[in-house]
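Visitor: Test case, fold it:
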Amino acid sequence: MGKVKNREQLIERIKNIDDQNVIDEIYRLLDISIDESVYQLNEEQKKAIQEGRDQIARGEGIPSEQVFKRKRK
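Guide: Numbering: from 1, shown residues only. Here you go, the predicted model:
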């Protein structure tokens, strides 16, 4: 089903709603702001991530189990 047809069907369904609670909920959903931007890392963040990857490659990482044990103490 195409985007336009979906939109038209949705509009028709909304026109036929009598329940004010449902209408209020639709308004609430439509007011939700969706951030579609892509997060961009700065050079410092990229360097830190690469450093972590390099440490893991050299076998310098800490197994998850050890981290969890330390956290529980």
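
Visitor: drop to CA atoms for contacts and neighbour counts, all remaining ones
Guide: Will do.

Visitor: Tell me the secondary structure at Gly61.
Guide: Secondary structure, DSSP: H, G, I helix; E, B strand; the rest coil: Gly61 is coil.

Visitor: Also Val38?
Guide: Under three-state DSSP, Val38 comes out as coil.

Visitor: the helices in this structure, which residues?
Guide: For the chain, helices defined by DSSP state H occupy the ranges 3-15, 20-31, 43-57, 64-72.

Visitor: Save those as JSON lines, and put in mean pLDDT and mean neighbour count too.
Guide: As requested, the helices of the chain are exported to JSON lines (pLDDT from 0 to 100; neighbours: other CA atoms under 10 Å):
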{"stretch": "helix 3-15", "mean pLDDT": "90", "mean neighbour count": "11"}
{"stretch": "helix 20-31", "mean pLDDT": "88", "mean neighbour count": "11"}
{"stretch": "helix 43-57", "mean pLDDT": "94", "mean neighbour count": "12"}
{"stretch": "helix 64-72", "mean pLDDT": "82", "mean neighbour count": "9"}
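
Visitor: Report pLDDT for Glu36.
Guide: pLDDT for Glu36: 65.

Visitor: Quickly note the distance from the residue in the chain sticking out farthest from the centre to Pro63.
Guide: Centroid-distance maximum for the chain: Asp18 at 32.8 Å, with CA atoms, centre = their mean. Using CA to CA, to the nearest Å, Asp18 is found at 57 Å from Pro63.

Visitor: distance of the residue farthest from the centre of the chain from Asp24?
Guide: Computed as CA to CA, the Asp18 to Asp24 distance reads 11 Å.

Visitor: just Gln45 next, same as before
Guide: Applying CA to CA to Gln45 and Asp24 gives a distance of 42 Å.

Visitor: same question, Ile17
Guide: The spacing between Ile17 and Asp24, counted by CA to CA, is 11 Å.
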